[in-house]
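Trainee: how would this look folded up:
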Amino acid sequence: MAADTDPPLTSIALAAALAAALDAAGNPEDAAFLQRFFKTGPGQYGEGDVFVGVRVPATRALVTRFERMPLAEASALLHSPVHEHRLAALMVMVAQFRRESRPRSRDEHARAELHNSYLQALRAGRVNNWDLIDSSAPDLIGEYLRDPPLSLVLLDQLAESDSLWQRRAAVLATFAFIKAGDAAPTLRLATRLLDDREDLMHKAVGWMLREVGKKVDRAVLTGFLDEHASRMPRTMLSYATEHLSPEQRAHYRALR
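Mentor: Sure thing, here's the model as predicted:
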């Protein structure tokens, strides 16, 4: 990797240089651990994914040198079979989206390009593990739809997808609304996804419901639980009630 005193990398080389830097930082022991942690074995949700063994903080530190790479290169990096390459590309896109969303220099065209490129990659199956979704969907889908307010039909479409990752992206996108004090998108999707069979969806929905209680209004959360706890999957209910009192948690568990 080039020293800090070297001249800036040319834009044409940025994606390749970032991939090479990640490969050089990889650790075989970490790679083996991450492949187990992200369930890459036959029949598991991350089947076939490849890791070089770079932890998230190290990936984030490397990405800071490459945040201004052209979107076309970041999108191309999302085609890589290496998980850390794809995560780094998404970090670049999120950093660019946040920069283009600053009030004084807001660029709606650039924001739309980043959103559309991300959506294309998601639908093509290149954003295909929970950490990739969780680090990108709140900004590249949620914030894009929230500010300025746009139609939420996209969230409904993603929530109806056969793809686990598209459904998880829909739910995680609502985090942007939660942070702005709006629980409605989360509650609507949570109701529709009560019968989802995937454990990763139970965790995602329960997590967002918990955040509704923490960041919007605990009464909104308990109102949802009063109506739906009896049919919520155990993991979803556990995540949603994590910050309630022991007595409240026991009450809602008993409703099942």
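
Trainee: packing partners for the helix or strand containing Ser75?
Mentor: For Ser75, the host element (DSSP states H and E) is helix 71-77. Under the contact criterion of 3 or more Cβ pairs under 8 Å, 6 or more residues apart in numbering; DSSP states H and E, helix 71-77 touches helix 14-25, helix 83-100, helix 108-123. (Each C-beta comes from the backbone N, C-alpha and C, glycine too.)

Trainee: may I ask you to confirm that Gln248 is in contact with Thr222?
Mentor: Yes: between Gln248 and Thr222 there is a contact under Cβ atoms under 8 Å: 7.4 Å.

Trainee: which of those two has more residues huddled nearby?
Mentor: Thr222 (18 against 14; other Cβ atoms under 10 Å).

Trainee: got the buried residues for the one helix or strand the more buried one maps to?
Mentor: Element membership for Thr222 (DSSP H and E) is helix 218-228. Across helix 218-228, burial judged by 16 or more other Cβ atoms under 10 Å covers Val220, Leu221, Thr222, Phe224, Leu225, His228.

Trainee: closest to Glu29 among those?
Mentor: Proximity of those to Glu29 was ranked by Cβ to Cβ; the top entry is Leu221 with 40.8 Å.

Trainee: switch the buried residues of helix 218-228 over to JSON lines; also include distance to Asp182 and pLDDT.
Mentor: Below are the buried residues of helix 218-228 laid out as JSON lines (distance: Cβ to Cβ, whole Å; pLDDT from 0 to 100):
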{"residue": "Val220", "distance to Asp182": "10", "pLDDT": "98"}
{"residue": "Leu221", "distance to Asp182": "14", "pLDDT": "98"}
{"residue": "Thr222", "distance to Asp182": "18", "pLDDT": "98"}
{"residue": "Phe224", "distance to Asp182": "14", "pLDDT": "98"}
{"residue": "Leu225", "distance to Asp182": "19", "pLDDT": "98"}
{"residue": "His228", "distance to Asp182": "19", "pLDDT": "98"}
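
Trainee: re the thing from before, can you check which of the helices and strands packed on helix 71-77 gets nearest to Ala254?
Mentor: Nearest of the helices and strands packed on helix 71-77 (Cβ to Cβ): helix 108-123, 38.5 Å.
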